[in-house]
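Chemist: Starting from these lines, generate the structure:
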Amino acid sequence: MRRFLTFLVVLGLLVFGHRLNQRPPVTPDEATADVRRFYDRAAPRYDRVIRLAEWMLFKDGRRWAAAQARGDTLEIAIGTGRNLPYYADDVRLTGIDISPAMLALAQERAQRLGRQVELRVGDAQALAFPDSSFDTVLSTLSLCTIPDAERAVREAARVLRPGGRLVLLEHVRSPLLLVRCVQRLLEPLTLRLEHDHLLREPLEYVQAAGLVVEQVDRSRLGLVERLVARKPS
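Modeler: From the prediction side, this is the model:
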């Protein structure tokens, strides 16, 4: 509980440290464009900021997620490439992100690691790949900021091959009433300033997309979810 409270304090400081006069998006296209602009601006400091949240909440989550990948793998919202060190050598990796600035940092990381990866600017809500293109689709800490996360999950299901797996590491709506109330209080600010939804439930999107859930683990007062789902053969 102490770490959770510390995390809330830090989150509050980050939230109030940003501009308070940003105009909320009106249309889906505007929402997507706003997210792109935000991450283009945030890219230089992203690794420094996310490192604290990972230490408090997600621990070895990135390592766990990347270890689930098999074969042709698509990572949506690959960001600065923080998962790259953890993929197996035989994984054939493609990464997309809405932000060119984030992708540039991912490219630099891939080069330092000697990691082969195809990086593209792309929108998880409208993937530019044919049906049944990948054995694995992976998302870590991205469904909270994608404007239409349910659509993104449907797109992930579409590009999965039969028998392929969707792997998610996300922060989600807590089942604990007190924690959920705090999330509800914070969400208007995190949405306006960070494009960050605190009350989403990816499991619902996965089930609605027709995927078969194989693993769901919750931790950190129910805030963190690890999920693996399979596309029926």
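
Chemist: mind listing the strands in this protein by residue range?
Modeler: Using DSSP state E, the strands of the chain run over 72-75, 92-97, 117-121, 134-140, 160-171, 212-219, 224-230.

Chemist: so can I have CSV of these showing mean pLDDT?
Modeler: As requested, the strands of the chain are arranged in CSV below (pLDDT from 0 to 100):
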stretch, mean pLDDT
strand 72-75, 98
strand 92-97, 98
strand 117-121, 98
strand 134-140, 98
strand 160-171, 98
strand 212-219, 97
strand 224-230, 98
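
Chemist: Using a markdown table, lay out those strands together with mean neighbour count and distance to residue 193.
Modeler: C-beta coordinates here come from the backbone N, C-alpha and C atoms, glycine included. Below are the strands of the chain laid out as a markdown table (neighbours: other CB atoms under 10 Å; distance: least, CB to CB, whole Å):
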| stretch | mean neighbour count | distance to residue 193 |
| --- | --- | --- |
| strand 72-75 | 25 | 26 |
| strand 92-97 | 22 | 20 |
| strand 117-121 | 15 | 24 |
| strand 134-140 | 25 | 22 |
| strand 160-171 | 21 | 16 |
| strand 212-219 | 13 | 26 |
| strand 224-230 | 21 | 22 |
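
Chemist: who wins for proximity to residue 33 among those?
Modeler: Closest to residue 33 of the strands of the chain is strand 117-121 (CB to CB; 13.0 Å).

Chemist: just the angle between the closest one and strand 92-97, please?
Modeler: Interaxial angle, strand 117-121 versus strand 92-97 (axes from the mean of the first three to the mean of the last three CA atoms, to 10 degrees): 20 degrees.

Chemist: Tell me which residues touch residue 117, please.
Modeler: Shown in contact with residue 117 (CB atoms under 8 Å, 6 or more residues apart in numbering): 81, 84, 93-95, 106, 110.

Chemist: what pairs with it across the strands?
Modeler: Beta-bridge partners recorded for residue 117 (DSSP bridges): residue 93.

Chemist: What are the boundaries of the helices in this structure?
Modeler: Counting by DSSP state H, the chain has helices at residues 2-16, 28-53, 61-67, 100-113, 149-159, 177-194, 202-208.

Chemist: any idea of the mean pLDDT in the last one?
Modeler: Summarised as a single mean, pLDDT over helix 202-208 is 97.
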